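Novice: Build me a model:
(2 chains)
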Amino acid sequence: MKLEHRKINIKDIQFGEKTEVVNGVLFVNKEEVVAELKTNNKIKEVKIDIARPGEKVRIIPVKDAIEPRVKIEGEGDQFPGVLAKVTQAGEGKVNILNGVAVVTIGDIVGFQEGVIDMWGEGAKWTPFSKTLNLVVEIIPIDGLEPHVHEDVVRMAGLKAAAFIGEAGREIEPDEVEVYETGSMVEEIAKYPDLPKVLYVEMLISQGLLHDGYIYGVNSQQILPTLLHPNEELDGAVISGNCVAACDKITTYQHQNNPVMKDLYAKHGKELNFLGVVLTPELTTLAGKIRTCDYTAKLCKMVGADGVIVSEEGYGNPDTDLLMICKRLEDSGIKTVLITDECAGRDGMSQSLADTAKEAVAVVSGGNVSHLVTLPPADVILGNMEAISTLAGGWEGSLLEDGSFQCELNAIIGATSEIGYHNCTSKLY
Amino acid sequence: MECLIVSNNPMVKEKFDNVYFIEGTSRELLEKVRDLVHSGSELLTHPLGASLRMMFSPYFSVIVKEKEGKLNCFHTEIIESSIEKYNQHMGVREEDIKNSKDYAIVDYKLLESALGEIK
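Specialist: Numbers count the residues shown, from 1 in each chain, chains lettered A, B, ... in the order given. Here you go, the predicted model:
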């Protein structure tokens, strides 16, 4: 399977008469995008804004971030099984508006947090402060059930990204990344002495605001499944998870999954990257046992020597993470976990809701309880009121000068469990 | 499968029959679940949510299978560590009462999904 990410480097977004890319500037015809989204009769109003790195703009409450792309060669189009008809993703050429993100906002339920600050302290913590953001606010018609509302916002974001992505169809890219591997049998024959590595990606799969989708199928309905990394890098996996701001995996992060990209970079040199297992995180214990057994079985069947497991969320998914780890280590497969920590304000408490002695190699994406102070913004895109909820439920978080304290858990992508973020560790 | 929904969510009480309703906080609810597990009941759903945000919920629902007999150590460990984790988080935070109506809906919807999985 061979996929080309053809990156068109975008240096600015501006509103214009035509949606097009000219000399590295993306012009967006606002009315055209609004009209396209309003073809859904459940949408009453669409507001579109631009937020650039460095501007004193706060975006809240964020639902998803999506990279605008267009498929110029190969089967299908972006988000097969969702926007486009179901086709096999992962093969062909994709033109990418590199540096741009479509960011969807809108209240579904009142307690959604999720902030992107484009400047200052807040910008340090989210990777989406460095993208040129086309902010799309979706206001639905009255009386929608929350799950319908969520669906409307999710689809509108994907549609906006696909619509904008179309502007890159005829543009020559500035750089091209190629992702290619043969069948497992071929790769094992090619690199017989390299350790065989699988990547297990866990997705929250539990219901309203807690879902992930593969080819449009709610991951709640699947058994763990074997995936070629190119499928996800080509838009087969999207996010429907809107409550865990710091460690939700946005669609943008799926489209650019850094674990996959890093494993590709080491493929054929240090290791043999055999593929991905997508694993749902269910809420029932029987479901957890079934998916963890099944995940371990797939890894054993493929003959993995090592497995990297990334989590999504915190709380009950910690149990899945450690059950998978235990099963793999007990089978003699070396296992590395990627998660984040809820270690208290001082970072001294136990990090996960569960423990296992087999978890001997763990990479932390950061402490979600770490406190930060965000200064007042000049412009707020979204809902001002959401700010009081953002702080995380304690008195005195709003300071006299208008700035407020919050935990990293309120900042989009702050402690990413697939490593698409800014936190790092320093050795002293 | 015979199951019991332990919940402090009024919406759940209204919509289902097999509810052990707790007039109390989420902490009291988790403690009741712990008592049931100690008397031999098994957990059908995990007592914690999938994100830190759900810890702020004034409402929780946990599904258990009523049993009397041998203590299930795996389930005991899960409920004990969940209570420990809950206490650790809520020691410095407050339940998000302002959005309680929305938490009730999400808790109800997640419960509905879990029941769909069990059937």
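
Novice: lowest-confidence helix or strand of chain B?
Specialist: helix B:73-90 (a mean of 91; mean pLDDT, DSSP states H and E).

Novice: Export it to PDB, keeping only CA atoms.
Specialist: Only the C-alpha atoms of helix B:73-90 are listed here, as PDB (Å, rounded to 0.1, in the frame of the first residue of the first chain):
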ATOM      1  CA  CYS B  73     -11.300 -10.200  43.600                       C
ATOM      2  CA  PHE B  74     -10.900  -8.500  40.100                       C
ATOM      3  CA  HIS B  75     -14.100  -6.600  40.600                       C
ATOM      4  CA  THR B  76     -13.300  -5.700  44.200                       C
ATOM      5  CA  GLU B  77     -10.000  -4.300  43.100                       C
ATOM      6  CA  ILE B  78     -11.700  -2.200  40.400                       C
ATOM      7  CA  ILE B  79     -14.300  -0.700  42.700                       C
ATOM      8  CA  GLU B  80     -11.800   0.000  45.500                       C
ATOM      9  CA  SER B  81      -9.200   1.700  43.100                       C
ATOM     10  CA  SER B  82     -12.100   3.600  41.500                       C
ATOM     11  CA  ILE B  83     -13.200   5.000  44.800                       C
ATOM     12  CA  GLU B  84      -9.600   5.900  45.700                       C
ATOM     13  CA  LYS B  85      -9.200   7.700  42.300                       C
ATOM     14  CA  TYR B  86     -12.500   9.500  42.700                       C
ATOM     15  CA  ASN B  87     -11.600  10.700  46.200                       C
ATOM     16  CA  GLN B  88      -8.200  11.800  45.000                       C
ATOM     17  CA  HIS B  89      -9.700  13.900  42.200                       C
ATOM     18  CA  MET B  90     -12.700  15.300  44.100                       C
END
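
Novice: got a list of contacts for that helix?
Specialist: Helix B:73-90 is contacted by residues A:285, A:315, A:319, A:342, A:344, A:349-350, A:353-355, B:26-27, B:30-31, B:33-34, B:37-38, B:42-43, B:46-48, B:52, B:55 when judged by CB atoms under 8 Å, 6 or more residues apart in numbering or on different chains. Bear in mind the C-beta positions are built from the backbone N, C-alpha and C, glycine included.

Novice: Tell me who's in contact with residue A:129.
Specialist: A:53, A:116-119, A:122-123.

Novice: Turn the residues you listed into JSON lines, columns for neighbour count.
Specialist: Below are the contacts of residue A:129 laid out as JSON lines (neighbours: other CB atoms under 10 Å in any protein chain shown):
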{"residue": "A:53", "neighbour count": "15"}
{"residue": "A:116", "neighbour count": "31"}
{"residue": "A:117", "neighbour count": "26"}
{"residue": "A:118", "neighbour count": "25"}
{"residue": "A:119", "neighbour count": "19"}
{"residue": "A:122", "neighbour count": "23"}
{"residue": "A:123", "neighbour count": "22"}
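
Novice: Closest to chain B out of these?
Specialist: Distance to chain B across the contacts of residue A:129 (CB to the nearest CB) is lowest for residue A:116, with 16.8 Å.

Novice: can you pull the contacts of the closest one?
Specialist: With CB under 8 Å, 6+ apart, residue A:116 has these contacts: A:51, A:58-60, A:62, A:103, A:122, A:126, A:128-129, A:133, A:411-412.

Novice: With residue A:280 instead?
Specialist: A:202-203, A:205, A:212, A:219-220, A:222, A:224, A:287, A:291 are the contacts of residue A:280 under CB under 8 Å, 6+ apart.

Novice: Go again with 7 Å.
Specialist: Residue A:280 sits next to A:203, A:205, A:219-220, A:222, A:291 when contact means CB atoms under 7 Å, 6 or more residues apart in numbering or on different chains.

Novice: Of these - the most surrounded one?
Specialist: residue A:205 (30 neighbours; other CB atoms under 10 Å in any protein chain shown).

Novice: For that one, which residues are in contact?
Specialist: A:211-212, A:219-220, A:280-282.

Novice: interface residues of chain B facing chain A?
Specialist: By CB under 7 Å from any CB of the partner chain, the residues of chain B that approach chain A are B:43-46, B:48-54, B:56, B:78, B:81-82, B:85, B:88-89, B:92-94, B:96, B:99, B:102-103, B:105-106, B:109-110, B:112-114, B:117-118.

Novice: Buried subset of these as a ChimeraX selection?
Specialist: Of these, the buried ones can be selected in ChimeraX as follows, counting by 16 or more other CB atoms under 10 Å in any protein chain shown:
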select /B:43,44,45,46,48,49,50,51,52,53,54,56,78,81,82,85,88,89,93,96,99,102,103,105,106,109,110,112,113,114,117,118
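
Novice: Sort out for me which of the residues of chain B next to chain A are in helices.
Specialist: B:78, B:81-82, B:85, B:88-89, B:102-103, B:105-106, B:109-110, B:112-114, B:117-118 (DSSP state H).

Novice: what number of residues lie near residue 42?
Specialist: No chain specified, so I'll use chain A. 16.

Novice: Sorry, I should have been clearer: chain B.
Specialist: 19.

Novice: residues in contact with the residue nearest to it when sequence neighbours are not counted?
Specialist: In space, and not counting its chain neighbours, residue B:42 is closest to residue B:65: 4.7 Å by CB to CB, 6 or more residues apart in numbering or on different chains. By CB under 7 Å, 6+ apart, residue B:65 lies in contact with B:1-3, B:41-42, B:44.

Novice: Most widely separated two among these?
Specialist: B:1 and B:41 (12.9 Å; CB to CB).
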